[in-house]
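Asks: Here is my input; please provide its structure:
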Amino acid sequence: MIRISGTEGPIYFRVYDHVTAQVKPDRHIPGATAYEAAQPAGQFFYETYAQKHYTIFKSILKPSRDLLLHVEYLTPFVGFRLMVKGHLHYQLNEKKYYLMQGQLNFVTAPKVESILHLIKGQDYHMFDLQVDPAFMDRVERKSEAILQLLNKASGEETAALHNGPGFASAKVLDAMDELVKDPGNEALAIELIAQVIDARTMKRLHRPITEPQVESLFKVKALIKEQIAIKQHLRDWARAAGMNFTYFKELFKVVFAVTPYHYLLYERIREAKRMIRYYPHLTLAEIAIACGFANYNNLRRNFLTIERMTLTRWLKLSDISTVLFMLEFFA
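Replies: Residues are numbered from 1 along each chain as shown. Below you'll find the predicted structure:
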């Protein structure tokens, strides 16, 4: 059971009404139960999707004044919080954390008694995934740090991976989006957890970074993703972020664990894979052009770079019968 209260007392939620709601998310989680609350302190929304092995929580908080929000969830918690938008100072069972946009905190706790420090006029979008510790056995990619953290899951200690938050990655953000679209798909949940483990255990550059810089980088990331079909330039991205191109490239990799150019290739390959699945009447050459590649060979070479397997092998492993004719055509 979740209990939420503000400075002036309990916040009472009601079932979300799409017609009268003041908080309207860009996308709802299919099959989730959504709740809302509107009061002088602000507008609050959360939805939850419970599956046998994990539970998804998605929250949007819009305070109309500076506010301390108390959240109680009096059952053991193993999982992570990802800050989708906004920058949050919060306290979890006496431990203090600071999450910037794009950062996540993987924790284990005997219960959740949390205090969120909210600032008037700011929007806070959060994604939480609570996982059955036994479900983690199905995630192939593990690290010694994760195993040590999971060993504390049945104890009375609140512990965080690598002592607190760190930036996720572009792959984590995309894996989260995929799970939100299809929340009951256990394979997507496993992939998200694996990407989280990768992001929090890989060696990353360390550079001082400010909240406005992070926000600018997210805007440029969205711009790159929206315009994958056209030619894009590093200097234009850097200019849009308000940085010189060397510093922009470094900070982009700090936040998303990939260079801007490789992120562009990554999104082009993701779109090509999507089009291959859903537009079987198109040839690979047509898909290559639609995704911003000069030709089919350019797609094929970059597919190997990003996916670390040939396009031909991916098609065979994906068992996409509708595109097998393409294999023969381009053999």
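Asks: Which parts of the protein are helices?
Replies: Secondary structure of the chain (DSSP state H): helices at 144-151, 170-181, 186-201, 211-226, 234-241, 245-256, 260-278, 284-290, 296-307, 311-318, 324-330.
Asks: And the fifth one, what does it pack against?
Replies: To tie it back to what came earlier, the one meant is helix 234-241. Counting contacts by 3 or more CB pairs under 8 Å, 6 or more residues apart in numbering; DSSP states H and E, helix 234-241 is packed against helix 211-226, helix 245-256, helix 260-278. Where C-beta positions appear, they are placed from N, C-alpha and C, glycine not excepted.
Asks: Dump those to JSON lines, plus distance to residue 313 and mean neighbour count.
Replies: Formatted as JSON lines, the helices and strands packed on helix 234-241 follow (distance: least, CB to CB, whole Å; neighbours: other CB atoms under 10 Å):
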{"stretch": "helix 211-226", "distance to residue 313": "26", "mean neighbour count": "16"}
{"stretch": "helix 245-256", "distance to residue 313": "27", "mean neighbour count": "19"}
{"stretch": "helix 260-278", "distance to residue 313": "13", "mean neighbour count": "19"}
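Asks: What separation do you get for residue 316 and residue 279?
Replies: Residue 316 is 19 Å from residue 279, where distance means CB to CB, to the nearest Å.
Asks: Which among the helices of the chain is found nearest to residue 111?
Replies: Among the helices of the chain, the nearest to residue 111 by CB to CB is helix 144-151 (16.7 Å).
Asks: that older thread, a markdown table for the helices of the chain, including distance to residue 29 and mean pLDDT?
Replies: Below are the helices of the chain laid out as a markdown table (distance: least, CB to CB, whole Å; pLDDT from 0 to 100):
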| stretch | distance to residue 29 | mean pLDDT |
| --- | --- | --- |
| helix 144-151 | 26 | 87 |
| helix 170-181 | 6 | 96 |
| helix 186-201 | 12 | 93 |
| helix 211-226 | 21 | 96 |
| helix 234-241 | 31 | 95 |
| helix 245-256 | 24 | 95 |
| helix 260-278 | 20 | 94 |
| helix 284-290 | 29 | 95 |
| helix 296-307 | 28 | 93 |
| helix 311-318 | 26 | 86 |
| helix 324-330 | 34 | 44 |
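Asks: Among these, which comes closest to residue 37?
Replies: helix 170-181 (21.7 Å).
Asks: how big is the angle separating the closest one from helix 245-256?
Replies: Angle of helix 170-181 versus helix 245-256, following axes from the mean of the first three to the mean of the last three CA atoms, to 10 degrees, is 40 degrees.
Asks: Okay, now the unreliable bits of the stretch 1-150 of the chain?
Replies: Along the stretch 1-150 of the chain, segments meeting pLDDT under 70 span 1.
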